[in-house]
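> take this sequence and fold it.
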Amino acid sequence: MTASGHRSEHNIEFSKPLAAHETPIPGVVLYDLPVHGDNRGWFKENWQREKMLALGLPDFGPVQNNISFNEKAGTTRGIHAEPWDKYVSVATGRIFGAWVDLREGSTFGAVFTAELDPSKAIFIPRGVGNAFQTLEDGTAYTYLVNDHWSAAAQSQYTFLNLADEAAAIEWPIPLEQAELSDKDRAHPSLADVTPMAPRKILVLGADGQLGKALRKTYDGDANVEFAARAEFNLTDPASYASRNWKSYSTIINAAAYTAVDKAETPEGRRAAWAINVTAVARLARVAVEHGLTLVHVSSDYVFDGTAEVHDEDEPFSPLGVYGQTKAAGDAVVSVVPRHYIVRTSWVIGEGNNFVRTMAALAAKGVKPSVVNDQVGRLSFTDDIAAGIRHLLDTEQPFGIYNLSSDGEPRSWADIAKDVYRLSGHREDEVSGVTTEEYFRGKHAAPRPLVSTFTTAKLAGTGFGVQDMGERLADYLGGRA
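All right, here's what the predicted structure looks like:
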């Protein structure tokens with residue numbers, strides 16, 4: 001037929017719109033590619049990033065293009081699961097493709113088969129076994145991958161026998177009559193295959209308040225790796241160079257310089273910029289180079305506290321060095337394609353913190369003066385950790401999310417009174433004082449007077465934002 005028809009003499013389907021089709025294997029997507037032909041031949045856009053992203057193809061960042069030319073029909077290759085994503089198409093000829101899920105999980109062993117000619121392509125995620133059999137002489141099979149081949153990478157392949165009875169692939173040309181290598185004949189059966197584990201999540205700052213909460217949240221998950229400062233020093237370039245970043249999918253940066261007042265000193269200023277900005281820039285570069293998701297924890301100190309409530313779109317207006325470094329870190333992370341900035345306020349977790357200090361003072365009979373003109377809500381580290389996991393597990397859109405408790409905003413003095421009451425003491429043992437009065441004569445950083453966040457964006461993702469009063473009672477009761 002001519003270009004106005006539906007198929008050419010080589011059975012290439014013309015004038016079919018670009019479309020995506022889900023398959024029984026999660027993440028494996030079959031595509032119809034428009035092919036434009038005339039008396040000279042045909043043309044197609046084999047991979048067009050903008051259009052593919054619009055159809056839901058991951059922005060997988062291909063770095064290498066390979067072509068397998070096969071002289072004879074019946075040439076059969078596979079089944080190989082590689083540690084990278086692959087986008088497969090055909091330049092000339094036709095293939096029968098077979099794909100088997102060899103990833104760790106509930107769909108291990110699932111099979112999908114399809115015939116591909118130049119009018120079709122398929123996306124194969126990392127860990128899904130790939131195989132094909134040529135149906136015509138002179139078939140050129142081509143594929144994009146998002147990592148460079150190396151001998152070391154080949155050692156991470158997972159293989160499956162082409163004739164495996166559990167997969168039960170119905171090859172158009174029987175394998176006894178097909179052209180295949182001795183290696184492909186000798187691959188193990190499905191029962192003997194070790195599933196390919198997913199890439200890991202790396203938690204940095206695992207010895208801090210949030211790091212400890214993340215340990216509890218991911219307790220027992222073998223695919224989450226925790227690194228305290230002894231295992232990963234954020235300010236040491238050697239820590240970055242020695243890490244095999246290809247084995248990770250996500251970095252959660254739970255580390256930060258948080259000594260707000262000390263940051264105003266020359267020594268503290270240098271340390272704050274080194275940890276909150278320079279180290280974050282290094283992590284951002286790693287995330288961009290390796291296509292990782294970067295989770296970064298931000299602070300209410302990126303604002304000056306003049307707004308009645310802070311949403312995710314408010315421009316930066318930090319008052320002191322600590323806030324300036326956190327704002328700079330946020331700006332760096334925002335250019336990483338795959339990022340979550342989780343903005344918190346008044347963090348309470350395991351270890352020394354305001355709530356524990358007030359409870360200890362109440363037990364000693366101390367009657368403290370507490371700041372009463374700074375208003376906001378507490379953020380409990382267990383909730384922050386759960387929120388981070390929720391964003392990752394449910395694959396929410398990348399961007400900034402405020403994460404704090406909900407409920408009526410309170411001053412530090414109000415919260416101190418709540419602690420006293422919940423601890424069995426009288427609220428009037430706590431007296432209020434302004435920020436200016438409290439810090440008079442002391443070396444202190446400027447602080448925002450309003451730290452109240454909107455939490456509607458996070459709640460809209462299905463995450464249960466909890467009431468601050470209830471969470472405080474849980475925390476003091478030892479149940480947080």
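> can I see the domain layout of the chain?
In terms of domains, the chain is parsed into 19-192, 200-476 (source: automatic domain parsing).
> would TSV of those domains with mean neighbour count be doable?
All C-beta atoms are positioned from the backbone trio N, CA, C, and that covers glycine. Formatted as TSV, these follow (neighbours: other Cβ atoms under 10 Å):
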stretch	mean neighbour count
domain 19-192	17
domain 200-476	18
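> the ones you listed into TSV, with extra columns for mean pLDDT?
Rendered in TSV, the data for these read as follows (pLDDT from 0 to 100):
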stretch	mean pLDDT
domain 19-192	94
domain 200-476	95
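> just the element for Leu392, please.
helix 381-393 (DSSP states H and E).
> what's that helix packed up against?
helix 209-217, strand 293-299, strand 339-344, strand 347-348 (3 or more Cβ pairs under 8 Å, 6 or more residues apart in numbering; DSSP states H and E).
> of all the ones you listed, which one is nearest Ile122?
Ile122 sits nearest to strand 293-299 of all the helices and strands packed on helix 381-393, at 24.4 Å, using Cβ to Cβ.
> downstream of the closest one, the next helix or strand is which one?
Downstream of strand 293-299, the next assigned helix or strand under DSSP H and E is helix 321-333.
> put the alpha carbons of that following helix into CSV.
Taking Å, rounded to 0.1, in the frame of the first residue of the first chain, the C-alpha atoms of helix 321-333 are listed here in CSV:
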residue,chain,number,x,y,z
VAL,A,321,22.3,33.1,59.2
TYR,A,322,20.6,29.8,60.0
GLY,A,323,17.5,30.9,58.0
GLN,A,324,19.6,32.2,55.2
THR,A,325,21.5,28.9,54.8
LYS,A,326,18.2,26.9,54.9
ALA,A,327,16.7,29.1,52.2
ALA,A,328,19.8,28.7,50.1
GLY,A,329,19.6,24.9,50.5
ASP,A,330,16.0,25.0,49.5
ALA,A,331,16.9,26.9,46.3
VAL,A,332,19.6,24.4,45.4
VAL,A,333,17.3,21.4,45.9
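> got the angle between it and strand 293-299?
On the basis of axes from the mean of the first three to the mean of the last three Cα atoms, to 10 degrees, helix 321-333 is oriented at 160 degrees to strand 293-299.
> check which helices and strands helix 321-333 sits against.
Secondary-structure packing of helix 321-333 (3+ Cβ pairs under 8 Å, 6+ apart): helix 266-273, helix 279-290, strand 293-299, strand 339-344.
> distance to Asp147 added to these, as JSON lines?
Shown next, in JSON lines, are those (distance: least, Cβ to Cβ, whole Å):
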{"stretch": "helix 266-273", "distance to Asp147": "33"}
{"stretch": "helix 279-290", "distance to Asp147": "9"}
{"stretch": "strand 293-299", "distance to Asp147": "16"}
{"stretch": "strand 339-344", "distance to Asp147": "21"}
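> right, so of these, which gets closest to Gln324?
Nearest of the helices and strands packed on helix 321-333 to Gln324, taken as Cβ to Cβ: helix 266-273 at 8.4 Å.
> same for the closest one, what does it pack against?
If contacts are counted by 3+ Cβ pairs under 8 Å, 6+ apart, helix 266-273 sits against helix 321-333.
> show me the contact partners of the helix holding Leu392.
With contacts defined as Cβ atoms under 8 Å, 6 or more residues apart in numbering, helix 381-393 is touched by 201, 209-210, 212-214, 216-218, 250, 252, 293, 295, 297, 340, 342, 344, 347-350, 396, 401, 403, 405, 458, 461-463, 466, 471, 480.
> so which of the helices and strands packed on helix 381-393 gets nearest Leu175?
With Cβ to Cβ as the criterion, Leu175 lies closest to strand 293-299 of the helices and strands packed on helix 381-393, at 40.6 Å.
> in its sheet, what does the closest one sit against?
Strand 293-299 sits in its sheet next to strand 248-253 (parallel), strand 339-344 (parallel), going by DSSP bridges.
> off-centre distance for the first one?
The chain centroid and the centroid of strand 248-253 are separated by 6 Å under Cα atoms, centre = their mean, to the nearest Å.
> over to stretch 200-208?
With Cα atoms, centre = their mean, you get 13 Å for stretch 200-208.
> what of stretch 327-339?
For stretch 327-339, the distance from its own C-alpha centre to the chain's C-alpha centre is 14 Å (Cα atoms, centre = their mean).
> then stretch 255-262?
With Cα atoms, centre = their mean, you get 25 Å for stretch 255-262.
> quick check: end-to-end length of it?
17 Å (Cα to Cα, to the nearest Å).
> mind checking the end-to-end distance for stretch 98-115?
Using Cα to Cα, the end-to-end distance of stretch 98-115 comes to 9 Å.
> actually stretch 243-257, not the one I typed
In stretch 243-257, first residue to last residue: 23 Å (Cα to Cα).
> all strands of the stretch 51-200 of the chain, in order?
Along the stretch 51-200 of the chain, counting by DSSP state E, counting those that start in this stretch, strands occupy 64-70, 76-81, 86-92, 95-101, 111-116, 120-124, 128-134, 139-145, 158-159, 200-204.
> nearest to Phe439, out of those?
Evaluated over the strands of the stretch 51-200 of the chain, closeness to Phe439 peaks at strand 200-204, with 32.1 Å, by Cβ to Cβ.
> show the backbone phi and psi for the nearest residue to Asp207 once chain neighbours are set aside.
Excluding its sequence neighbours, the residue lying closest to Asp207 (Cβ to Cβ, 6 or more residues apart in numbering) is Ala228, at 3.8 Å. The phi/psi pair for Ala228 (degrees, to the nearest 10) reads phi -80, psi -180.
> surely Ala228 meets Lys212?
No. Using Cβ atoms under 8 Å, Ala228 is not in contact with Lys212; the gap is 10.1 Å.
> about what we covered before: as JSON lines, the strands paired with strand 293-299 with distance to Gly41 would be great.
Output for these, formatted as JSON lines (distance: least, Cβ to Cβ, whole Å):
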{"stretch": "strand 248-253", "distance to Gly41": "41"}
{"stretch": "strand 339-344", "distance to Gly41": "44"}
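> quick one: closest of the ones you listed to Trp47.
Set against Trp47 and scored by Cβ to Cβ, those come closest in strand 248-253, at 22.5 Å.
> angle of that closest one against helix 209-217?
Going by the same axes, to 10 degrees, strand 248-253 makes 140 degrees with helix 209-217.
> show me what strand 248-253 is in contact with.
Under the contact criterion Cβ under 8 Å, 6+ apart, strand 248-253 has outside partners 198-205, 214, 225, 280, 283, 286-287, 290, 292-297, 388, 392.
> next up, the contacts around the nearest residue to Pro17 once chain neighbours are set aside.
In this structure, Pro17 finds its nearest non-sequential neighbour in Pro34, 6.2 Å apart by Cβ to Cβ, 6+ apart. Going by Cβ under 8 Å, 6+ apart, Pro34 touches 15-18, 44-45, 119.
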